[in-house]
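Engineer: Provided below for reference: sequence and predicted model.
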Number of protein chains: 2
Amino acid sequence: MSNPATTEKRAVILLSGGLDSATVLAMARRDGLTCYALSIDYGQRHSAELDAARQVAITGGAVAHKIVSVDLASIGGSALTDTSIGVPTGPTEGIPVTYVPARNTTFLAIALGWAEVLGATEIHLGINAVDYSGYPDCRPEFITAYQRLADVATKAGVEHHGAQIKAPLIDLSKAEIIRAGMALGVDYASTVSCYNLAASGAACGDCDACHLRAEGFTRAGVADPTRYQSRR
Amino acid sequence: MSNPATTEKRAVILLSGGLDSATVLAMARRDGLTCYALSIDYGQRHSAELDAARQVAITGGAVAHKIVSVDLASIGGSALTDTSIGVPTGPTEGIPVTYVPARNTTFLAIALGWAEVLGATEIHLGINAVDYSGYPDCRPEFITAYQRLADVATKAGVEHHGAQIKAPLIDLSKAEIIRAGMALGVDYASTVSCYNLAASGAACGDCDACHLRAEGFTRAGVADPTRYQSRR
């Protein structure tokens, strides 16, 4: 028998508690990676996301789950971190107010640091450009630029190359993501997408994230396990 | 008279409390920029750095100073954030254990976010490649790669271009930095460089940062205002 320590391939999986990153974790496990889940407590409006991430890390088979705090709320500028900015309930044009300045840039920076400490050679994240809500840091060119940075920013990058940044959902629609996840046994009932979650944990059904999610389940032809605040 | 609001040019200045970034702030003020100082509480061994940054922000003429917390200590991997790793007291080879994985990558991410909220068009930081201690994220190629990222990562980048990342000390020696700062009236006595600072605020005189700093003052031909733990 080969020594697992020598063949093990480690990956840091950015886990938000949402549908997309839960699918990414399932894909990475399918590919035989040893998965270290990383969630960021960035001052988001509700802690339900992080509770969901904890659950997904366990059911998804991560070997460890770390939650790192970064106080992005102190710089504000987003409806997701600043309660004085309302979350829109209808469709929006351009980059929406739920965009958190430099959020994925910050998340990947922390992932890059942890990957270096772990000796992980890959970082996976669940962004996708099809249903990306217009966020600049969910586009393929963002990932390309980050890879170039990772190759020069770290000790691992100087000595050989930086961790490979992978966004396996980048070209998938929400429906395709859901179908892929269902095939891998992802329990979407434990994931959270809503920007306006009630204290009860029920989704609002009206925000951009709820719309994208509900439409994804409909198009995938899969029953939506989301618990909504009012009957839809 | 022109309206200052229309001609004002804002910059985020990463301020560590050390000698280099204090000089960068003075240079940015000399160039007429409205300076927003940003310090990161990343779980460093001692809080004296942040106390120094507060003092430098005030004496250096920043219009605001924000300290944002990010828990890099929780990922460890550095003598600066993990007390179980000792700080070396002599010269080291290769990338030293005081390297904090992805530190500058994380700091610039937060700076990028705040710059976007402020409408600041520049981000300044005090890295330099001459006396850079071997840190990968203190090299010109790191800044080049980060600029490419900034241009695609943010709303500002999508709409026109990202904040310009400037490292005005990149090619200067410590002695040249000190001479430039002295000419601009920087009070180096209030800056902190030591990795092993005593509770009294006195520098150890032995760590890599102390060596680089002391040598810089000697070569600049300037009296070293640093308070050391023992007479040198």
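Structural biologist: Arrived safely, thanks for sending. Numbering: from 1, shown residues only, chains lettered A, B, ... in the order given.
Engineer: low pLDDT regions in chain A?
Structural biologist: In the predicted model of chain A, residues A:1-6, A:45, A:89-93, A:131-133, A:230-232 satisfy pLDDT under 70.
Engineer: which stretches in it count as helices?
Structural biologist: A:4-7, A:19-30, A:48-59, A:103-118, A:140-153, A:155-159, A:174-183, A:208-220 (DSSP state H).
Engineer: any idea which of these gets closest to chain B?
Structural biologist: For chain B, the closest of the helices of chain A is helix A:103-118, at 3.4 Å, according to C-beta to the nearest C-beta. (Glycine included, C-beta is placed from N, CA and C.)
Engineer: ok, residue A:140 - contacts?
Structural biologist: A:129, A:167, A:170 (C-beta atoms under 8 Å, 6 or more residues apart in numbering or on different chains).
Engineer: 6 Å instead, please
Structural biologist: Contacts for residue A:140 (C-beta atoms under 6 Å, 6 or more residues apart in numbering or on different chains) come out as A:129, A:170.
Engineer: how many residues are close by residue A:17?
Structural biologist: Neighbour count for residue A:17, taken as other C-beta atoms under 10 Å in any protein chain shown: 23.
Engineer: which residue is the nearest non-sequential neighbour of it?
Structural biologist: Spatially, and ignoring its direct neighbours in sequence, residue A:17 is nearest to residue A:52 (3.4 Å; C-beta to C-beta, 6 or more residues apart in numbering or on different chains).
Engineer: which residues of chain A lie near chain B?
Structural biologist: A:68-71, A:74-77, A:95, A:101-102, A:105-106, A:109, A:112-114, A:116-117, A:136-137, A:141-142, A:145-146, A:148-149, A:152-155, A:158 (C-beta under 6 Å from any C-beta of the partner chain).
Engineer: of the residues you listed, buried ones?
Structural biologist: A:68, A:70-71, A:75-77, A:101-102, A:105-106, A:109, A:112-114, A:116-117, A:136-137, A:141-142, A:145-146, A:148-149, A:152-155, A:158 (16 or more other C-beta atoms under 10 Å in any protein chain shown).
Engineer: buried ones in stretch A:215-232, by neighbour count?
Structural biologist: A:216, A:217, A:220, A:224, A:226, A:228, A:229.
Engineer: list the contacts of the longest strand along chain A.
Structural biologist: As assigned by DSSP state E, the longest strand anywhere in chain A is strand A:34-41. With contact meaning C-beta under 6 Å, 6+ apart, strand A:34-41 is reached by A:8, A:10-15, A:28, A:50, A:53, A:57, A:62-69, A:107, A:111, A:114, A:118.
Engineer: give the buried residues for that strand.
Structural biologist: By 16+ other C-beta under 10 Å, the buried positions in strand A:34-41 come out as A:34, A:35, A:36, A:37, A:38, A:39, A:40, A:41.
Engineer: quick check: bridge partners of the first one?
Structural biologist: Partner residues in beta bridges with residue A:34: residue A:10, with DSSP bridges as the criterion.
Engineer: how near is it to residue A:115?
Structural biologist: 12 Å (C-beta to C-beta, to the nearest Å).
Engineer: next one: the second one
Structural biologist: In this structure, residue A:35 lies at 12 Å from residue A:115, with C-beta to C-beta as the measure.
Engineer: not counting sequence-adjacent ones, nearest residue to residue A:94?
Structural biologist: Of all residues not flanking residue A:94 in the chain, residue A:134 sits nearest, at 6.3 Å (C-beta to C-beta, 6+ apart).
Engineer: same check on residue A:195?
Structural biologist: Closest residue to residue A:195 apart from its sequence neighbours, by C-beta to C-beta, 6+ apart: residue A:207 at 4.3 Å.
Engineer: swap in residue A:122?
Structural biologist: Using C-beta to C-beta, 6+ apart and skipping residues adjacent in sequence, the residue nearest residue A:122 is residue A:11, 4.0 Å away.
Engineer: okay but that neighbour is in contact with residue A:27, surely?
Structural biologist: No - using C-beta atoms under 6 Å, residue A:11 is not in contact with residue A:27; the gap is 10.4 Å.
Engineer: more neighbours: these two, which one.
Structural biologist: Set residue A:11 next to residue A:27 and count neighbours by other C-beta under 10 Å: residue A:11 wins out with 26 against 21.
Engineer: residues touching that one, list them.
Structural biologist: Applying C-beta under 6 Å, 6+ apart, we find residue A:11 in contact with A:28, A:33, A:35, A:120, A:122, A:124.
Engineer: how about residue A:207, phi and psi?
Structural biologist: phi -80, psi 170 (degrees, to the nearest 10).
Engineer: any figure for the gap between it and chain B?
Structural biologist: Distance from residue A:207 to chain B, counting by C-beta to the nearest C-beta, to the nearest Å: 19 Å.
Engineer: which residues touch that residue?
Structural biologist: If a contact means C-beta under 6 Å, 6+ apart, then residue A:207 has A:87, A:195, A:196 as its contacts.
Engineer: most neighbours among those, which one?
Structural biologist: Counting neighbours by other C-beta under 10 Å, residue A:195 leads the contacts of residue A:207 with 23 neighbours.
Engineer: show me what contacts that one?
Structural biologist: By C-beta under 6 Å, 6+ apart, the neighbours of residue A:195 are A:87, A:98, A:207, A:209.
Engineer: nearest residue to residue A:157 in space, please, no chain neighbours.
Structural biologist: Nearest non-adjacent residue to residue A:157, counting by C-beta to C-beta, 6+ apart: residue A:151, 4.7 Å away.
Engineer: what's the distance between the one you found and residue B:153?
Structural biologist: For residue A:151, the distance to residue B:153 (C-beta to C-beta) stands at 16 Å.
Engineer: over to residue A:9?
Structural biologist: From residue A:9 across to residue B:153, the span is 28 Å (C-beta to C-beta).
Engineer: likewise for residue A:18?
Structural biologist: According to C-beta to C-beta, residue A:18 and residue B:153 sit 20 Å apart.
Engineer: cool, residue A:15 as well?
Structural biologist: To residue B:153, residue A:15 is 21 Å away according to C-beta to C-beta.
Engineer: now stretch A:36-50 - C-alpha only, PDB.
Structural biologist: Taking Å, rounded to 0.1, in the frame of the first residue of the first chain, the C-alpha atoms of stretch A:36-50 are listed here in PDB:
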ATOM      1  CA  TYR A  36      -9.600  22.000   3.900                       C
ATOM      2  CA  ALA A  37     -12.700  24.200   4.100                       C
ATOM      3  CA  LEU A  38     -12.200  27.900   4.700                       C
ATOM      4  CA  SER A  39     -15.000  30.300   5.500                       C
ATOM      5  CA  ILE A  40     -14.600  34.000   6.100                       C
ATOM      6  CA  ASP A  41     -16.400  35.900   8.800                       C
ATOM      7  CA  TYR A  42     -16.300  39.300   7.100                       C
ATOM      8  CA  GLY A  43     -19.100  41.100   9.000                       C
ATOM      9  CA  GLN A  44     -21.900  39.800   6.800                       C
ATOM     10  CA  ARG A  45     -25.400  40.600   7.900                       C
ATOM     11  CA  HIS A  46     -26.300  37.300   9.300                       C
ATOM     12  CA  SER A  47     -24.400  34.400  10.800                       C
ATOM     13  CA  ALA A  48     -26.600  31.800   9.200                       C
ATOM     14  CA  GLU A  49     -24.200  31.600   6.300                       C
ATOM     15  CA  LEU A  50     -21.400  30.500   8.600                       C
END
